[in-house]
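Q: Need a 3D model of the following:
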Amino acid sequence: MDVSEVLIAAPMRIEAALISSAARGARVRKTGMGPARSKESAAVLAAEQADALLVLGFCGGLDDASVPGEVIVADELYAASDDGHLEELVACPPAGELLMLLAGRGMKVRPGRIACVSRLALGQRRATLHAQGAIAVDMESVWLASGAGTRPFGVVRVVLDSPSHELLRPQAAAGALRAARALRNVARSLHEWSPAG
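A: As a prediction, the model looks like this:
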């Protein structure tokens, strides 16, 4: 499949720029951070012609084994109930295809559940979300899911920080560079993705 047939949702401007620079011809849409902007963007994405919708960007890792640059392929998403959201569970059927696509490309890749939150998850909140079964956290994916409609919907996130690599620590800059390289590597790989219907 041509990468132009996949619609890519990137919440932040920096994510969109990294993806666009690595995946020439990709249809990247900057959707904005957080639930409200994501819900608005989902309605716009739903009206665009495409064969699949893929959310790409950064996330927070939730366990001590998670490091910046690790790639998380979501098999399920849910909205965290401690933010007052209904804990809806959204499946991501292309997870297996995406895992196979990204394996063997020099990146740490693993599947798992992503918790979606309205505010940054730091400290004890990371541990709480991890105890509920999530391995990563973001602020958009579950609310962008409706933009897929009946099309395949996938989510690939790259860990930017984790319990052992918090953003405010001195080594954060090196971790951010690793995460940026991994995101570009993921984007380059999309030329070979042919999502099943």
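Q: could you say which helix or strand contains Cys59?
A: Assigned by DSSP states H and E, Cys59 belongs to strand 52-61.
Q: Kindly report the same for Ser20.
A: Applying DSSP H and E, one finds Ser20 within helix 13-22.
Q: By mean pLDDT, which helix or strand of the protein comes out lowest?
A: Within the chain, judged by mean pLDDT, DSSP states H and E, the helix or strand with the poorest mean is helix 124-131; its value is a mean of 85.
Q: so after it, what's the next helix or strand?
A: strand 134-138.
Q: What's the first helix or strand after that following strand?
A: Next along the chain from strand 134-138, counting by DSSP H and E, comes helix 141-144.
Q: all helices of the protein, in order?
A: For the chain, helices defined by DSSP state H occupy the ranges 13-22, 34-46, 95-102, 124-131, 141-144, 172-189.
Q: okay, the ones you listed in a markdown table with mean neighbour count next?
A: The C-beta positions use only the backbone N, C-alpha and C, and glycine is treated the same way. Formatted as a markdown table, the helices of the chain follow (neighbours: other CB atoms under 10 Å):
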| stretch | mean neighbour count |
| --- | --- |
| helix 13-22 | 18 |
| helix 34-46 | 17 |
| helix 95-102 | 18 |
| helix 124-131 | 17 |
| helix 141-144 | 28 |
| helix 172-189 | 19 |
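Q: hey, least reliable of those by pLDDT?
A: In terms of mean pLDDT, the lowest-scoring of the helices of the chain is helix 124-131 (a mean of 85).
Q: Compute the inter-axis angle for that helix and strand 52-61.
A: Compare the direction of helix 124-131 with that of strand 52-61 by axes from the mean of the first three to the mean of the last three CA atoms, to 10 degrees and you get 120 degrees.
Q: Run the chain-centre distance for helix 124-131.
A: 19 Å (CA atoms, centre = their mean, to the nearest Å).
Q: which residues does the most centrally placed residue in the chain form a beta bridge with?
A: The centre of the chain sits closest to Arg157, judged by CA atoms, centre = their mean, with a distance of 3.1 Å. Taking DSSP bridges, one finds Gly57, Ile72 as the beta-bridge partners of Arg157.
Q: now swap in Ala91 and tell me
A: Glu76.
Q: Distance check, it against Arg27.
A: Between Ala91 and Arg27 the distance is 23 Å, computed by CB to CB, to the nearest Å.
Q: Just want to know which of those two has more residues nearby.
A: Neighbours of Ala91 and Arg27, each counted by other CB atoms under 10 Å, are more numerous for Arg27; the result is 16 against 11.
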